[in-house]
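Enquirer: here you go, sequence then predicted model.
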Amino acid sequence: MTKLVSLPDAIRTHLHDGDLLYASGFTHLIPFAAAHEIIRQGITGLTLARATPDLIYDQMVAAGCARKLIFSYMGNPGVGSLRRLRAAIESGELAWEEYSHFGMISRLRAGASGLPFMPMKPTGAEDLASKNPQYRQVSDPYTGERVVVVPPLTPDVAIIHVQRADVQGNAQVWGILGEQQLAAFASQRVILTVEEIVDEAVIRSDPNRTVIPGMVVDAVCHVPYCAHPSYTQGYYDRDNDFYLAWDEISKTQESVQAYLDEWVYGLPDRQAYWEKLGPEVHERLQAGERLSQPVNYGEY
Amino acid sequence: MTKLVSLPDAIRTHLHDGDLLYASGFTHLIPFAAAHEIIRQGITGLTLARATPDLIYDQMVAAGCARKLIFSYMGNPGVGSLRRLRAAIESGELAWEEYSHFGMISRLRAGASGLPFMPMKPTGAEDLASKNPQYRQVSDPYTGERVVVVPPLTPDVAIIHVQRADVQGNAQVWGILGEQQLAAFASQRVILTVEEIVDEAVIRSDPNRTVIPGMVVDAVCHVPYCAHPSYTQGYYDRDNDFYLAWDEISKTQESVQAYLDEWVYGLPDRQAYWEKLGPEVHERLQAGERLSQPVNYGEY
Amino acid sequence: MDSQHYNSQELMVVNAARLLKDHDVVFVGVGIPNLACNLAMRTHAPHLQMIYEAGVIGAQPARLPLSIGDPSLVTGATAVCSMYDIFSLYLQRGNVDVGFLGGAQIDQFGNINATVIGDYDHPKVRLPGSGGAMEIAAWANRCYIITPHQKRRFPARVDFHTSIGFLTGGDARASTGVRGGGPQAVVTDLGVLKPDQHGELVLAAMHPGVTYDVVAEHTGWPLKKAPDCQVTEPPTAEELRILRDELDPQRIYI
Amino acid sequence: MDSQHYNSQELMVVNAARLLKDHDVVFVGVGIPNLACNLAMRTHAPHLQMIYEAGVIGAQPARLPLSIGDPSLVTGATAVCSMYDIFSLYLQRGNVDVGFLGGAQIDQFGNINATVIGDYDHPKVRLPGSGGAMEIAAWANRCYIITPHQKRRFPARVDFHTSIGFLTGGDARASTGVRGGGPQAVVTDLGVLKPDQHGELVLAAMHPGVTYDVVAEHTGWPLKKAPDCQVTEPPTAEELRILRDELDPQRIYI
């Protein structure tokens, strides 16, 4: 039973104004093509959750999609600041809710596991908890000591980019795993963007590689190069030059608008975006070949 | 820095009378050879923890190694009862502490994660909790509802069988994963028994396959066929005939003693055991070839 | 092929299979429940998905698995995950539609004892214990029980609550906060019991040729008869053919 | 190769590297800490193990990683795990010996602010926030901070506790129940600060040619001098060669 649909159709069907969205991927597999489609569809009022908002949410906030941000590290990784987010927070335009990485991921772990909360050892740093009432405490019933807890995060929609999946949404991921699996299980609806659609037999040849089972997936979209300027391990490299360039582009709302006009509104889809990047970029981002050695599952 | 030692040396060095031992593996990768070595060395007073005690603990209890059992399902999987354990519990000779599967595994999850407890949704079945004071409750600080919790399990020693590892103990597992990873991280000392020692380059060709990192491993023992009569996915099959045969053997302490005399005390090591099983068994347990399709990690 | 004659095991498998719906996600053990799922998949529920507590999803075993951890379940499956994940991400999260349960005792309110006969601390008969049953009974959307119909298996009250049905009936189950709907049917070799609106198991159907008196005689509480008590359709020739020729040709479980 | 001359970055990398021990498991970011670890591995700590908060263990990157999630960290690593697992199984469990920290402000007691300048709700300057720093500061056995020595970076008290050092000193840190030992050294371009027995950062060493007055002038509290205050050994020719020729030939961080 195929769940294969176009990315515009998947966004239209599953994501609505005002939803809580988790676009997943820790530096790796960030679904930029989906963000661009959301921007093109003019969806607004979203609460955007990600451990690391990265450029993807800097762009979505600049485009007016969001009313609130839930995050744990708001930097341009390896470069510096996320200027549009920072400006929106400093000006009071954007609401936010903040965690440490482990607090954020523990929220997803609770959401994915159907748990009412996840405990964490205390860190002694209480300023953030004093500003975020979602951080609470319980008493350890074995020792009487204080334990910090966070509640489940259960997004309306997760968008998750993966290397390969079959048309039913059984998805395999390698390289940095981030929060891909937890985001899928925590969310009400799951849109998968897929670098390569493969036959079910490929998935079944290595079931331990499957990170997300089709049963929790609502839509499967075939979107090669979806993750640029982030990357897809084994398919293309991280575009560090663009991460640096964004530091310039994002200095003013005007230059961001010009970027969006040219690279988002001015293009129909990711294929056009990738072509527009041109052969020099394609060449620079090529990933060579370094194959895993196989394992034997046995014929029983 | 190699951690390669013989199994007798690893047991002698790391396991002591009275220790809490977790011999890992959920129907798959059960380290029978290690249990036989422990029996041969006459180690006693152990607390034996396993979700499914299986034949491995039935044998160890019959051999007098244990004073207490921690478990969640005490059956001979697919066959029936574990007769020696049952007799030892019914006669009052063996202390025990009992959980459901999720309670047991949550204890390992807490132990492996450095958490003071793990929460679980209530199941309404309170008879077990009323008999086991390790089950406690906390109040959910978000809803006021009751949440069931269990404390960390942190064994003195875990023994974990894996398909392949390098000499530093970086270990890869496929097929049923059970509690292999959690047992390793939860325990103070980890003995790895390994079906196949491979070059570090094999491990590094597929880092996502690594379930246990060398940094938590104390000893690496090369023990082919360690898991018989359970199995090692892709290397040999489960010996269902022996699981059925054990139902007969274990009917009396005398027949178990005869079994131990012939198959444990009467043999120096696993190699002798495997040879004694003979070509007919070898043939019957052969696993055919069904290889995983490779993935590309990329040359960057 | 003799479709006029069938044994108790075949009768239970066929009636259990009919309770499953297309697209159900089923938490399944070995033996009878496994056969019931496979029969449903080959008849009215082709999209049924089986998951095993060992952490295997979408198994396509080339042989009849003899334990829930059989290697043939893994080869060719769509996914494998750890035991913690199968219980948390799948079962506790609410991703399981159907669970199968069994035990030495099932009582008037569908509570099950698989732990002990007699006193817990000084057991007369020590049984295997919960395994995953405590959680399956609480968190699967629906549960089914398959068991031969014998009076000692159906006491009015179980000695020990390994897993719960409707406790003492009424809103007792709901008040515990468990999410699943509890046992929806007990399939036996005499008929099918289902909970009434108070959670009490009543006779919902009898197999062809079985009388109420016989079922009542084999039940440890005064068994009520549902107002719309049915007679089950006998196994069809096709159901028996699949079961005998395709699923268990060596007659291990049937 | 000019080993008589070295810049501030090189000086900090070399002095940070010397704090690492063989067999240390280090939770490492990109940039200076990454260079320090690699330098230590090529000199006195060949068995040092680097883990990244992205979930990578035993990386052997073929190029200098530009983000903590660089694909070159993964290819050829010994293990990769999820973000939840790296924080729970490794960091919270106590498997990390050393963490590196940084931030806009470091105070007298080694507390760090990487969150906000001014009021949290109405920020004057909004900084990136904790990331994993809150947990690293609490749970790694030892922490090191590497930062240029500027007065605005070393206030007496931070505006916001993103991660803790010794709080207000004395037993304040211990009473929070955190397991790690806290910041053991702050390596700057002027020298090295270390906590005294009360948890106050004092001047433990000055780099060659630096005077106490200069360091004190760049520090936002009355800086005490440790009784055994040292002068650091200048970077050796070999350290500089490895750094310049092998680790950062393109001079991205040095």
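Expert: Noted; the coordinates are in hand.

Enquirer: which residues touch C:Tyr253?
Expert: C:Gln9, C:Val13, C:Gly31, C:Ile32, C:Leu35, C:Leu64 (C-beta atoms under 8 Å, 6 or more residues apart in numbering or on different chains). In short, each C-beta sits where N, CA and C put it, glycine included.

Enquirer: kindly recompute the last result at 7 Å.
Expert: Residues near C:Tyr253 by C-beta atoms under 7 Å, 6 or more residues apart in numbering or on different chains: C:Gln9, C:Gly31, C:Ile32, C:Leu35.

Enquirer: near residue 100, how many other residues are there?
Expert: Here I'm looking at chain A. Using other C-beta atoms under 10 Å in any protein chain shown, A:Ser100 is surrounded by 32 other residues.

Enquirer: hm, I was asking about chain C
Expert: 23.

Enquirer: so how far is chain B from the residue nearest to it when sequence neighbours are not counted?
Expert: By the measure of C-beta to C-beta, 6 or more residues apart in numbering or on different chains, the closest residue to C:Phe100 outside its immediate chain neighbours is C:Pro33, 3.8 Å from it. Per C-beta to the nearest C-beta, to the nearest Å, C:Pro33 is found 13 Å from chain B.

Enquirer: contacts only, for residue 225.
Expert: With no chain named, the answer covers chain A. Under the criterion of C-beta under 7 Å, 6+ apart, the contact list for A:Tyr225 reads A:Tyr236, A:Arg270, A:Trp274.

Enquirer: try again with chain C
Expert: By C-beta under 7 Å, 6+ apart, C:Lys225 lies in contact with C:Val202, C:Leu203, C:Tyr212.

Enquirer: can I assume the second one sits in a strand?
Expert: Right, C:Leu203. Yes - the assignment for C:Leu203 is a strand, going by DSSP: H, G, I helix; E, B strand; the rest coil.

Enquirer: quick one: contacts for C:Val192?
Expert: C:Asn15, C:Ala185, C:Val186, C:Ala204, C:Ala205, C:Thr232 are the contacts of C:Val192 under C-beta under 7 Å, 6+ apart.

Enquirer: out of these, what pair is the most spread apart?
Expert: Across the contacts of C:Val192, the longest distance by C-beta to C-beta is 13.3 Å; it joins C:Val186 and C:Thr232.

Enquirer: tell me if stretch A:123-131 is near chain B.
Expert: No - using C-beta under 7 Å from any C-beta of the partner chain, we find that stretch A:123-131 stays clear of chain B, coming within 12.3 Å at best.

Enquirer: now do the buried residues in that stretch.
Expert: Residues of stretch A:123-131 classed as buried by neighbour count (16 or more other C-beta atoms under 10 Å in any protein chain shown): A:Thr123, A:Gly124, A:Ala125, A:Asp127, A:Leu128, A:Ala129.

Enquirer: so which of C:Val186 and C:Thr232 has more stuff around it?
Expert: Of the pair C:Val186 and C:Thr232, C:Val186 is the one with more neighbours under other C-beta under 10 Å, namely 25 against 18.

Enquirer: just checking, what packs against the host helix or strand of the more buried one?
Expert: Assessed by DSSP states H and E, C:Val186 sits inside strand C:183-187. Secondary-structure packing of strand C:183-187 (3 or more C-beta pairs under 7 Å, 6 or more residues apart in numbering or on different chains; DSSP states H and E): helix C:8-17, strand C:142-146, strand C:191-195.

Enquirer: and A:Glu90, how many neighbours?
Expert: Burial measure for A:Glu90: 16 neighbouring residues, criterion other C-beta under 10 Å.

Enquirer: surely it and D:Pro123 touch.
Expert: Yes - using C-beta atoms under 7 Å, A:Glu90 is in contact with D:Pro123, at 5.5 Å.

Enquirer: nearest to chain D, of the contacts of C:Lys225?
Expert: Using C-beta to the nearest C-beta, C:Val202 comes nearest to chain D of the contacts of C:Lys225, at 46.2 Å.

Enquirer: for that closest one, which non-adjacent residue is spatially closest?
Expert: Closest residue to C:Val202 apart from its sequence neighbours, by C-beta to C-beta, 6+ apart: C:Lys224 at 4.3 Å.
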